[in-house]
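Participant: quick one, fold the following:
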Amino acid sequence: MKVKHLKTKTTIELTPEEMHDWINRVNSLEHMLDNITEMSDMYLSDVNKLNTIKYRLTDLLNLKWNRDTYRYIKGGN
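Facilitator: Sure thing, here's the model as predicted:
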């Protein structure tokens, strides 16, 4: 992973393998959040924090939800 900090933005460059790894992490978050929500064994504020992290990661990595596989996949561009 290469991170470039410019004056107006930060660019993260990932190899295809690193991108695949991050997609797997987001999908793991999805699975854990689903289990936690069903068990109701955590504070709702903690679940909300996990959801926020997941949505920020999916936005950062431009991931799209695939309804057929119930997983996030790499978006366009």
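
Participant: what about Glu17, which helix or strand?
Facilitator: helix 16-39 (DSSP states H and E).

Participant: what angle do the next helix or strand after that helix and helix 16-39 make?
Facilitator: Next helix or strand after helix 16-39 toward the C-terminus (DSSP H and E): helix 44-60. Between helix 44-60 and helix 16-39, the angle comes out at 150 degrees (axes from the mean of the first three to the mean of the last three Cα atoms, to 10 degrees).

Participant: elements contacting helix 44-60?
Facilitator: Counting contacts by 3 or more Cβ pairs under 8 Å, 6 or more residues apart in numbering; DSSP states H and E, helix 44-60 packs against helix 16-39. Just so you know, the C-beta spots here come from the backbone N, C-alpha and C atoms, and that holds for glycine as well.

Participant: let's test this: mean pLDDT of the helix it packs on, rounded?
Facilitator: The average of the pLDDT scores along helix 16-39 is 87.

Participant: what residues sit buried inside it?
Facilitator: 22-23, 26-27, 29-30, 33 (16 or more other Cβ atoms under 10 Å).

Participant: in JSON lines: those, plus distance to Leu60.
Facilitator: JSON lines is the format used below for those (distance: Cβ to Cβ, whole Å):
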{"residue": "Trp22", "distance to Leu60": "9"}
{"residue": "Ile23", "distance to Leu60": "12"}
{"residue": "Val26", "distance to Leu60": "10"}
{"residue": "Asn27", "distance to Leu60": "15"}
{"residue": "Leu29", "distance to Leu60": "13"}
{"residue": "Glu30", "distance to Leu60": "15"}
{"residue": "Leu33", "distance to Leu60": "17"}
